[in-house]
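Colleague: Dropping a prediction and its sequence here:
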Protein chains: 4
Amino acid sequence: MSWLETSYMGRKGVARGRRGASHALTEAKQGTYRYVYGPYAEPVLTVKPGDVIEVETHDAFEGKIRSESDRPSEILRMPFLNPQNGPIVVEGAEKGDALAVSILSILPRGAQPVGTTALIPEFGGLVATAATAMLNKPIPERVKKMEVTTEGVRFSERITLPYEPFIGTLGVSPEIEAVTSLQPDYWGGNMDLPDVAPGAVVYFPVHHKGALLYLGDCHARQGDGELCGVAVEMPAHVTIQVDLIKGWTIPGVRLENERFIMSVGSARPMEDAARMAYRDLIRWMVDEYGFEESEAYFLCTQAGSMRVGNMVDPKYTLGASMLKAYLA
Amino acid sequence: MSWLETSYMGRKGVARGRRGASHALTEAKQGTYRYVYGPYAEPVLTVKPGDVIEVETHDAFEGKIRSESDRPSEILRMPFLNPQNGPIVVEGAEKGDALAVSILSILPRGAQPVGTTALIPEFGGLVATAATAMLNKPIPERVKKMEVTTEGVRFSERITLPYEPFIGTLGVSPEIEAVTSLQPDYWGGNMDLPDVAPGAVVYFPVHHKGALLYLGDCHARQGDGELCGVAVEMPAHVTIQVDLIKGWTIPGVRLENERFIMSVGSARPMEDAARMAYRDLIRWMVDEYGFEESEAYFLCTQAGSMRVGNMVDPKYTLGASMLKAYLA
Amino acid sequence: MSWLETSYMGRKGVARGRRGASHALTEAKQGTYRYVYGPYAEPVLTVKPGDVIEVETHDAFEGKIRSESDRPSEILRMPFLNPQNGPIVVEGAEKGDALAVSILSILPRGAQPVGTTALIPEFGGLVATAATAMLNKPIPERVKKMEVTTEGVRFSERITLPYEPFIGTLGVSPEIEAVTSLQPDYWGGNMDLPDVAPGAVVYFPVHHKGALLYLGDCHARQGDGELCGVAVEMPAHVTIQVDLIKGWTIPGVRLENERFIMSVGSARPMEDAARMAYRDLIRWMVDEYGFEESEAYFLCTQAGSMRVGNMVDPKYTLGASMLKAYLA
Amino acid sequence: MSWLETSYMGRKGVARGRRGASHALTEAKQGTYRYVYGPYAEPVLTVKPGDVIEVETHDAFEGKIRSESDRPSEILRMPFLNPQNGPIVVEGAEKGDALAVSILSILPRGAQPVGTTALIPEFGGLVATAATAMLNKPIPERVKKMEVTTEGVRFSERITLPYEPFIGTLGVSPEIEAVTSLQPDYWGGNMDLPDVAPGAVVYFPVHHKGALLYLGDCHARQGDGELCGVAVEMPAHVTIQVDLIKGWTIPGVRLENERFIMSVGSARPMEDAARMAYRDLIRWMVDEYGFEESEAYFLCTQAGSMRVGNMVDPKYTLGASMLKAYLA
């Protein structure tokens, strides 16, 4: 028996995790990629709970950065960054439900070197930006291309890093807003959280009829914080399964895998993201695992884990998690 | 000669500040009010540079909080808050231009007591919120109604505060985003900045053809920071004149009145809003008033003023200003 | 009758504001200046409540920056910055009391140009620092000297700024800590708050027997935020009167002048300083002016003022104030 | 061969990691415990590089919280919290050197239940505090006692957590400051970072002759962030070895163990702590491992790890680390 049968999706999903039809959302079918999470774009696909979707995602630069001599400042044009597949309608989804997205696999696609990272002027965790505005001059821009296979990321002659792919940007539409795909928020979006990986089921609060799922921006791997703002970006074949949990009204993104449950917070300053994540984790432990609030607060204090997803996006994303071993 | 003739609008505007046609944007003409700043709604009015517009704005609660016994948590429904008039198309406006909005007058309208403030659960500058998430219990909600005339705000039997009205939410559409009217950002929006008052000309960077002007949320007055999150909210008759400065590409909101120029920053944490505002003020002084950067930095250090607009909205808004006397 | 008779100091001080003996704390009498606020240094003077003290303060650089060709990075040596006079023992002061410091006058002393400002590497509100650590290169350092008289500050050929002097660093010793005079905190210290000026009475919570008053770092004037980190620094003749309010246990620095009362908060991020200041102001209004908490919260929302003292020191300092006209 | 021989301590330490004399710093020998990190207290012990010291530490409450019915607000008295052993003089240490502290073992001592955690009013990561000041009422205080052995922490009937002890507060004296042992900073102090554990060597910048080492506040274990502000506090037998690296001038705390090197940042807001930690890690990689700055920035982006130590102390502490496998 897979642990997935014991997941929220497996126990409470409309499809109880059973696989339905398969769909392919190729580049051709997608047509125009999307740069906002919102309800104003025409859906590209309609699926049912339980259905499996194979998606051809672009990298965050829509493939425009092709060589190490490219200059991002000349090629990239705001706000047309971080192209997304979608929106995908999930039948039956209504405000107040939770959409479950089970991530089955992420594979690199396209010609090598398929991985790209870059130093982009006035962007990143250790440089002055439009928000943390300073008078210092920008540091030089730079592009680095890397071969990526499921065997590893060829960072340099000397260093090969493990292939640990995840979806950088994943979520649903807000109710009436349409927000840049560069931003993470309570609906998901650009969380850049390495736990959004194969083996995880991610839950999103539905705000709009049909949920309107978007995704893109896969990373072959990333360190905590996505420090320079650009992970090992790659175009990918992504396979996900969706399900729907009726009436599970959650305030933001939650996630589970075989080992732990995680609540996600996106905010600035960073401590606010940490507070959001941990408070939601405590409320989850209280509502669904029978803890008193103060016991959950104590257990998070002694055994909670905190992942810094990104410290570079319009909001920072952190995930607070608790091992399932302590929740049984 | 009015100082307005020497303003950017007066010197560089397409209409050079000369009054064009007059338009009335009544409640009836507006029809449905808007809750996002974005390009997806049907325009309600089209005007030319120089035109004058009289607008009937709602208060931030769309008039739904009628008595001190009302409970905001039962009446208000997210995200349908802070209703806006608009969008108004300004002919000729294109990305890269600046829209000038000269505020001519703001008058209360409707039956007394026309002013409303309130303590709303998990909202405000001195309580735990969804972002600054805590385990403390919310403080009790409360509504306070106040008579407001141009003579003053009747805060209590004992205290009458000066009538110093301004437009709480004013701005233009982002290029492809549609963002809640609760949020301030580089396009304006919910800045809650008391300097956006009669006598000021406010400049917004145009991102979308026609600019798509929105406004609403007038305040009879407000202290620095809008501490509890709700100023003296009132429905209003607002009279503005618009003009267009072709090719003046500004990174965010700027403002001038007879005494000073001001750059506005909206961000969290608050120091980032302060940095944005001051950096833009310095760049403005360098670009248009002939200062060397280090001299402008020194002058802001010795003579800059900082206004805390709001410390409660999704982004905090601060304005950095310099007296025109030092710029001559 | 002076408003001072109606001040806390005038009404509740041990000396009721009546002048006692006069003392001179000259450079010679001070001997070694101090770089920490703490209880471990030998007192240089003992005074009684009501006594008047004339103090010869150094500028923040102890006079070492003499010309515009000086390079601060070569001259200044951490942590020996911001030299302070003191500690001064106030007889009878005990933990739980408040020390009142009435500022009578501040005059520049020394040879012209007596005023100094500077760009110091990795220091200031618009540059990367040790705390807001970035990879950007520092901006060039620079010194600017200015003539300062009580008639004005000669900023440039063209610009003369008003002489509006205040004490940049003023406070009492913590109980057992000895903290750099560069830092502001609940005991005062390097607040860089322009309201700490002649005409104000500043109240400090006493933590150590004798209070152990320190002061220094006078500014001929300063804009909000002390943006580059260095105001118009000058050596000064300062005249203050001290008094003692027994049993007035305050959580941090408070201030009053003829027009308003102010609570001071020092913290990072900046919103925390704002919250500290406003919460204390509300509590003060509740405890001493008969407001209900929610009424005080509403009045601060509609009529509170917020001053950004500094946005450059180890903690940022903000002051929240309310006009006495509304407190009567 | 132990990895320690390849550590900085092993390669560059005055004693090259060879064990010298053994010392016991018992409760009796310590006498009065210390509440500040500073140079004003009489040393309790003098050791040489290479010496081993066994220390009897108190828990953070000096053993005063004895049962679950105790009320911290009645028992604890600021600033006399977090008692420290020390100062210990390390012969030969001078400003500009680095002190190495190799942690050999940490064992609980005293009568069971030896572990204590608590909810203390206005303290913790998910409640309003003096700094994040709010009007919400405090949550109820509560004490929880736990049996702790090297086998585990008995959190509840159902849950036993692994024994993963570390030193919560460890560091050296600032040059002229004496700062509360509740605060972490560039000299160490109350970092509450779980990596400061047996098997690690921690490096501190020496600011005062003799280094003046302090330590205390051991935790049987702790989750990321030390959420409620109180880990599994316990009195302990701690065994450390000290060594001295002459002329290694580091800006803050660094750490290594068999697997990784880590730079530590302590600041508010939390992103500043993250920036400090990552910038120092990059500089370390550049200075000692031959990376170009942009390559180090990229590698941290793709493979850096970030540990949230505490999100409750006067400054938050985060550690940025890089696997030694990538540094070879």
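Modeller: Arrived safely.
Colleague: Mind giving me the packing neighbours of the host helix or strand of A:Val89?
Modeller: Here A:Val89 is covered by strand A:85-90, with elements defined by DSSP states H and E. Other elements packing on strand A:85-90 under the criterion 3 or more C-beta pairs under 8 Å, 6 or more residues apart in numbering or on different chains; DSSP states H and E are strand A:45-47, strand A:52-57, strand A:213-219, strand A:236-245. Every residue, glycine included, has its C-beta placed from N, CA and C.
Colleague: Need phi/psi at A:Ala303.
Modeller: Backbone torsions for A:Ala303, taken as degrees, to the nearest 10, come to phi -140, psi 10.
Colleague: Would you mind measuring the gap between the ends of stretch A:306-317?
Modeller: End-to-end distance for stretch A:306-317, by C-alpha to C-alpha, to the nearest Å: 11 Å.
Colleague: Report whether that stretch contacts chain C.
Modeller: No - for stretch A:306-317, no contact with chain C is found by C-beta under 8 Å from any C-beta of the partner chain; the gap never falls below 12.2 Å.
Colleague: could you give the mean pLDDT of that stretch?
Modeller: For stretch A:306-317, mean pLDDT is 98.
Colleague: quick one: is it near chain D?
Modeller: Yes - Stretch A:306-317 is in contact with chain D by C-beta under 8 Å from any C-beta, via A:306, A:308, A:311, A:316.
Colleague: before we move on, which element is the residue sitting furthest away from the middle of chain A in?
Modeller: Computed with C-alpha atoms, centre = their mean, the residue of chain A farthest from its C-alpha average is A:Leu135, at 32.8 Å. Assigned by DSSP H and E, A:Leu135 falls within no helix or strand.
Colleague: Help me confirm that it comes into contact with B:Glu292.
Modeller: No - assessed by C-beta atoms under 8 Å, A:Leu135 is found out of contact with B:Glu292, at 11.9 Å.
Colleague: Okay, now the unreliable bits of chain A?
Modeller: A:1 (pLDDT under 70).
Colleague: now check the longest helix along it, is it near chain D?
Modeller: Ranked by residue count, the top helix of chain A under DSSP state H comes out as helix A:270-289. Yes - on the criterion C-beta under 8 Å from any C-beta, helix A:270-289 is in touch with chain D at A:270-271, A:274-275, A:278-279, A:282.
Colleague: Stretch A:105-113: end-to-end distance?
Modeller: End to end - C-alpha to C-alpha - stretch A:105-113 spans 20 Å.
Colleague: Tell me who's in contact with whichever residue of the stretch 1-150 of chain A sits closest to chain B.
Modeller: Residue of the stretch 1-150 of chain A nearest chain B, by C-beta to the nearest C-beta: A:Ala133 (4.0 Å). For A:Ala133, the contacting residues are B:265, B:272, B:275-276, B:278-280, C:126, by C-beta atoms under 8 Å, 6 or more residues apart in numbering or on different chains.
Colleague: same for chain A: which of those residues are within range?
Modeller: B:265, B:272, B:275-276, B:278-280, C:126.
Colleague: So which residues on the stretch 1-150 of chain A come close to chain D?
Modeller: Residues of the stretch 1-150 of chain A lying near chain D (C-beta under 8 Å from any C-beta): A:117, A:119, A:124-126, A:139-140, A:142, A:144.
Colleague: quick one: which of the residues you listed is nearest B:Val201?
Modeller: Proximity of these to B:Val201 (C-beta to C-beta) peaks at A:Gly124, which lies at 35.8 Å.
Colleague: Look at that closest one and say how many residues are nearby.
Modeller: A:Gly124 has 24 neighbours, counted by other C-beta atoms under 10 Å in any protein chain shown.
Colleague: Let me know the distance separating it from A:Glu141.
Modeller: 10 Å (C-beta to C-beta, to the nearest Å).
Colleague: A:Pro269 now?
Modeller: 27 Å.
Colleague: more crowded one of these two?
Modeller: A:Pro269 (25 against 17).
Colleague: what residues are up against that one?
Modeller: A:316, B:268-269, C:269, D:269-271.
Colleague: With distance to C:Gly10 added, can I get these in a markdown table?
Modeller: Shown next, in a markdown table, are those (distance: C-beta to C-beta, whole Å):
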| residue | distance to C:Gly10 |
| --- | --- |
| A:Tyr316 | 50 |
| B:Arg268 | 42 |
| B:Pro269 | 39 |
| C:Pro269 | 37 |
| D:Pro269 | 41 |
| D:Met270 | 44 |
| D:Glu271 | 46 |
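Colleague: and which of the residues you listed is nearest C:Pro194?
Modeller: Distances from C:Pro194 to the contacts of A:Pro269, taken by C-beta to C-beta, are shortest for C:Pro269, at 21.5 Å.
Colleague: Who's the closest spatial neighbour of the closest one, skipping the chain neighbours?
Modeller: B:Pro269 (3.6 Å; C-beta to C-beta, 6 or more residues apart in numbering or on different chains).
Colleague: what's A:Glu177 sitting at in phi/psi?
Modeller: According to degrees, to the nearest 10, A:Glu177 has phi -90, psi 160.
Colleague: Burial check on it, number of neighbours?
Modeller: A:Glu177: 26 neighbours (other C-beta under 10 Å).
Colleague: Kindly export the strand holding A:Val89 (C-alpha atoms) in CSV.
Modeller: This file holds the C-alpha atoms of strand A:85-90, laid out as CSV (Å, rounded to 0.1, in the frame of the first residue of the first chain):
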residue,chain,number,x,y,z
ASN,A,85,0.9,26.7,-18.3
GLY,A,86,-2.8,27.0,-17.6
PRO,A,87,-5.3,27.8,-16.5
ILE,A,88,-6.6,24.3,-16.1
VAL,A,89,-10.2,23.9,-14.9
VAL,A,90,-10.9,21.2,-12.4
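Colleague: following that strand, which helix or strand shows up next?
Modeller: Next element after strand A:85-90 (DSSP H and E): strand A:98-108.
Colleague: Identify the residues contacting A:Asn257.
Modeller: Taking C-beta under 8 Å, 6+ apart as the test, what A:Asn257 contacts is A:195, A:197, A:199-201.
Colleague: How much space separates it from chain B?
Modeller: Between A:Asn257 and chain B the distance is 24 Å, computed by C-beta to the nearest C-beta, to the nearest Å.
Colleague: again with A:Leu215
Modeller: 18 Å.
Colleague: Once you drop chain neighbours, what's closest to that residue?
Modeller: A:Leu215's closest residue in space is A:Leu170 (C-beta to C-beta, 6+ apart), at 4.6 Å.
Colleague: sorry, back to before: of the contacts of A:Pro269, closest to D:Ile240?
Modeller: D:Met270 (29.0 Å).
Colleague: Just give me the neighbour total for the nearest residue to the closest one once chain neighbours are set aside.
Modeller: For D:Met270, ignoring the flanking residues on the chain, the nearest one in space by C-beta to C-beta, 6+ apart is A:Met270 at 3.7 Å. Residues near A:Met270, counting by other C-beta under 10 Å, number 30.
Colleague: re earlier: next, the buried residues of the longest helix of chain A.
Modeller: For helix A:270-289, a neighbour-count test (16 or more other C-beta atoms under 10 Å in any protein chain shown) marks A:270-286 as buried.
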